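Novice: The following block contains a protein sequence and its predicted model.
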Amino acid sequence: MEKVIKVEWTDTAKVALKSIFKFHAINSEQSAENIVNDIIDTADSIVFAHQYQLDDVNPNYRRMIARQYKILYKEDQNIVLIMNVVSSKDDPKKIQKL
């Protein structure tokens with residue numbers, strides 16, 4: 001198992017984080033900040049690419065869970081690419097199409 005050199009966020013994943021922040025900021029900006037920070041911290045905690053299991057809905061990606069969000073990623077030459085962040089409450093058909 002090779003160690004991950006770097007974690008990179010795709011534009012799609014960055015947009016998802018901004019949307020998550022905006023959604024939660026309606027009630028509390030501090031809460032929104034905490035949720036987004038938890039998602040980022042979870043993604044940054046990865047040590048090796050196969051550390052987490054394949055996603056059961058979209059097996060093209062592996063998944064990490066932070067709060068009620070799935071962080072979907074794939075590995076490319078010791079770089080973990082965060083592809084998207086989706087609510088685990090979303091319709092599985094929507095996640096499947098990612």
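Specialist: The structure has been received and is ready for your questions. Residues are numbered from 1 along each chain as shown.
Novice: just checking, residue 80 touches residue 72?
Specialist: No - applying Cβ atoms under 8 Å, one finds residue 80 not in contact with residue 72, separated by 10.9 Å. In this view, the C-beta of every residue, glycine as well, is placed from N, C-alpha and C.
Novice: can you list the residues that contact stretch 29-38?
Specialist: With Cβ atoms under 8 Å, 6 or more residues apart in numbering as the test, stretch 29-38 has contacts from 17, 20, 21, 22, 23, 24, 25, 66, 67, 69.
Novice: Quick one: buried ones out of those residues?
Specialist: Using 16 or more other Cβ atoms under 10 Å as the burial test, those include 17, 20, 21, 24, 66, 69 as buried.
Novice: got the contact list for the fourth one?
Specialist: Contacts were defined as Cβ under 8 Å, 6+ apart; by that measure residue 24 touches 31, 32, 35.
Novice: Tell me what the residue minimising distance to the centre of the chain is bridged to.
Specialist: Among the residues of the chain, the one closest to the centroid is residue 71, at 2.0 Å (Cα atoms, centre = their mean). Beta-bridge partners recorded for residue 71 (DSSP bridges): residue 64, residue 85.
Novice: what's the distance between it and residue 43?
Specialist: 5 Å (Cβ to Cβ, to the nearest Å).
Novice: what do these two both touch?
Specialist: By Cβ under 8 Å, 6+ apart, residue 71 and residue 43 have these common neighbours: 64, 82.
Novice: re the thing from before, okay, the buried ones among the contacts of stretch 29-38 in JSON lines with secondary structure next?
Specialist: Output for the buried ones among the contacts of stretch 29-38, formatted as JSON lines (DSSP: H, G, I helix; E, B strand; the rest coil):
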{"residue": "17", "secondary structure": "helix"}
{"residue": "20", "secondary structure": "helix"}
{"residue": "21", "secondary structure": "helix"}
{"residue": "24", "secondary structure": "helix"}
{"residue": "66", "secondary structure": "strand"}
{"residue": "69", "secondary structure": "strand"}
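Novice: Which of these sits closest to residue 56?
Specialist: Of all the buried ones among the contacts of stretch 29-38, residue 69 has the smallest distance to residue 56: 15.4 Å, by Cβ to Cβ.
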